[in-house]
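**Q** A structural model of the following input is requested.
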Amino acid sequence: MTAGGIPGDAGGPTPLPGSAAGGAGGGESAAPAVAESFGDRLAGRVVSRGSQIVLGLDPDPDRLWPQAIEAAGAGAPPAQRAATAVAVHCRLVIEATAEHCVAVKLQVACFERLGAAGWTALDEVATRARERGLLVIADAKRGDIDVSAAAYGQAFFGETPTPFGAVTGLGADALTVNPLLGTDSLAPLARAARSSGGGLFVLVRTSNPGAADVQEQELAAGGSVSGRLAQIVAELGRAGIGSSGLADIGAVVGATAPERLEDLRVAMPHAVFLIPGVGAQGGRVEDLRAAFAPGPAAGLIAASRSIVSAHERTGGRPATAAAQEARRLRELAWGLTP
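**A** Now for the predicted structure:
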């Protein structure tokens, strides 16, 4: 599909029902705002921006854009300078590519390794992404027993009550989660996400070479581990299916295993697929058509190094090369829509 066939960017978040933007009509008092489901929010944003591309940001302090290095200044402790440079780098990438993307995927580990300053940088980058109308996906792959899972829910979606007042979390729109501990470890995260109109992306069939070591192993009861995880996703998401037909519980399904897409789509007809592995890991957008069978917002293609490091392959200014690659992927993915 040509650029002329892609809808324009409406920008800005979708108003919640009952909000001032949505209109509470007449002189009646407005009913309490009810969070729109994540699937419906995503569907509206994909159509308005004409994109299924998720900008992956996993900043390496040793491979930042030159302008970000210059912004770090001198005199501050190393962690602070590194975090400042990382935040500037991510801001520059977002500014260059936001018009071609629908969301950002922030690799939380790449910020956490810088200590407290790194978490501050993470919060700054999330804020900048929201200002550009992008949904924020925290790629943290969290998973723990119910008490810890509830704490993670507060950290990423809500707030934590304390004797000194509430402490606000990151305010992510979605979070990647690890289902290894079972459904009871996912339930508190699902509740936290759902209460704020957010969503989860559960690891089902990942893009790394060792994924088959566990995820493709056969179960005694029949089927594979990834097949069982797909069942869990479908079951957990059933209560969060919106009017768009998309659930608030999605799945991480790697682009490096396109042969699994069709079966997993059948097993999870309402789940949004978050698809990493395009570009540097060898996945091809052209092989992902099955993910979009339910509609244009049923698949999100995450691209990190292929966008951020495009200038290393093509030359020229980093921002220009990144924008060109994001636009190319956007047009390629939009052409897969039924």
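
**Q** contacts, neighbours, all on C-alpha from now
**A** Will do.

**Q** and the nearest residue to Ala239 once chain neighbours are set aside, helix, strand or coil?
**A** Nearest non-adjacent residue to Ala239, counting by CA to CA, 6 or more residues apart in numbering: Ala247, 7.9 Å away. For Ala247, the assignment made with DSSP: H, G, I helix; E, B strand; the rest coil gives coil.

**Q** neighbouring contacts of stretch 282-298?
**A** 42-43, 46-47, 52, 246, 254-258, 261-262, 265, 269-273, 277-278, 299, 301, 329, 332-334, 336-338 (CA atoms under 8 Å, 6 or more residues apart in numbering).

**Q** quick one: it to chain centroid distance?
**A** 16 Å (CA atoms, centre = their mean, to the nearest Å).

**Q** just the C-alpha atoms of it, please, in CSV.
**A** Only the C-alpha atoms of stretch 282-298 are listed here, as CSV (Å, rounded to 0.1, in the frame of the first residue of the first chain):
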residue,chain,number,x,y,z
GLY,A,282,15.8,-12.4,10.8
GLY,A,283,12.0,-12.1,10.8
ARG,A,284,10.3,-10.8,7.7
VAL,A,285,7.1,-8.6,7.7
GLU,A,286,6.0,-10.4,4.6
ASP,A,287,5.6,-13.7,6.5
LEU,A,288,3.2,-12.3,9.1
ARG,A,289,-0.1,-12.1,7.3
ALA,A,290,-1.8,-14.7,9.5
ALA,A,291,-1.4,-12.5,12.5
PHE,A,292,-3.7,-9.9,11.0
ALA,A,293,-6.6,-12.2,10.1
PRO,A,294,-9.0,-10.7,12.7
GLY,A,295,-8.2,-7.1,11.5
PRO,A,296,-5.6,-4.4,11.2
ALA,A,297,-5.1,-4.0,15.0
ALA,A,298,-4.7,-7.8,15.7
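
**Q** can you report phi and psi for Leu57?
**A** Note on Leu57: its backbone torsions stand at phi -120, psi 110 [degrees, to the nearest 10].

**Q** show me where the stretch 201-338 of the chain has helices.
**A** With DSSP state H, counting those that start in this stretch as the criterion, the stretch 201-338 of the chain has helices at 212-215, 225-237, 261-267, 305-308, 310-314, 318-334.

**Q** nearest to His100, of the ones you listed?
**A** helix 318-334 (5.5 Å; CA to CA).

**Q** what mean pLDDT does that closest one have?
**A** Helix 318-334 shows a mean pLDDT of 96.

**Q** go on, stretch 129-142?
**A** Per-residue pLDDT values across stretch 129-142 average out to 98.

**Q** distance between it and the chain's centre?
**A** The chain centre lies 6 Å from the centre of stretch 129-142; the measure is CA atoms, centre = their mean.

**Q** compute the first-to-last residue distance for that stretch.
**A** This stretch, stretch 129-142, spans 22 Å end to end (CA to CA, to the nearest Å).

**Q** ditto for stretch 141-159
**A** End-to-end for stretch 141-159, by CA to CA: 19 Å.

**Q** buried ones in it?
**A** 141-144, 146, 149-159 (16 or more other CA atoms under 10 Å).

**Q** how about stretch 184-194?
**A** Of all the residues in stretch 184-194, those buried under the rule 16+ other CA under 10 Å are Ser185, Leu186, Pro188, Leu189, Ala190, Arg191, Ala192, Ala193, Arg194.

**Q** wait, what's in contact with the residue nearest to the spatial centre of the chain?
**A** The structure's the chain has its C-alpha centroid closest to Ile137; by CA atoms, centre = their mean the separation is 3.1 Å. Residues in contact with Ile137, defined by CA under 8 Å, 6+ apart, are Ala103, Val104, Lys105, Leu106, Ala172, Asp173, Ala174, Leu175, Thr176.

**Q** from Val233, how far off is the nearest residue to Arg238 once chain neighbours are set aside?
**A** For Arg238, ignoring the flanking residues on the chain, the nearest one in space by CA to CA, 6+ apart is Ala247 at 6.8 Å. From Ala247 across to Val233, the span is 9 Å (CA to CA).

**Q** which residues does stretch 86-99 contact?
**A** The set of residues external to stretch 86-99 that reach it, using CA under 8 Å, 6+ apart, is 9, 49, 55, 57, 59-61, 64-65, 67-68, 71, 121-122, 124-125, 128-129, 132-134, 308, 319-320, 322-323, 326-327.

**Q** stretch 160-180 now?
**A** With CA under 8 Å, 6+ apart as the test, stretch 160-180 has contacts from 38, 123, 126, 135-143, 154-159, 185-186, 193, 197-203, 229, 252.

**Q** follow-up on the earlier one: tell me which of the buried residues of stretch 141-159 fall in strands.
**A** Members of these lying in strands (criterion: DSSP state E): Lys141, Arg142, Glu159.

**Q** dump those residues into CSV; add distance to Gly75 as well.
**A** Shown next, in CSV, are those (distance: CA to CA, whole Å):
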residue, distance to Gly75
Lys141, 35
Arg142, 35
Glu159, 34
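
**Q** any idea which of the residues you listed is closest to Ser224?
**A** Nearest to Ser224 out of these is Lys141 (CA to CA; 20.9 Å).

**Q** so who does that closest one touch?
**A** By CA under 8 Å, 6+ apart, the contact set of Lys141 is Leu175, Thr176, Val177, Asn178, Leu203.

**Q** can we see that at 6 Å?
**A** Contacts for Lys141 (CA atoms under 6 Å, 6 or more residues apart in numbering) come out as Thr176, Val177, Asn178.
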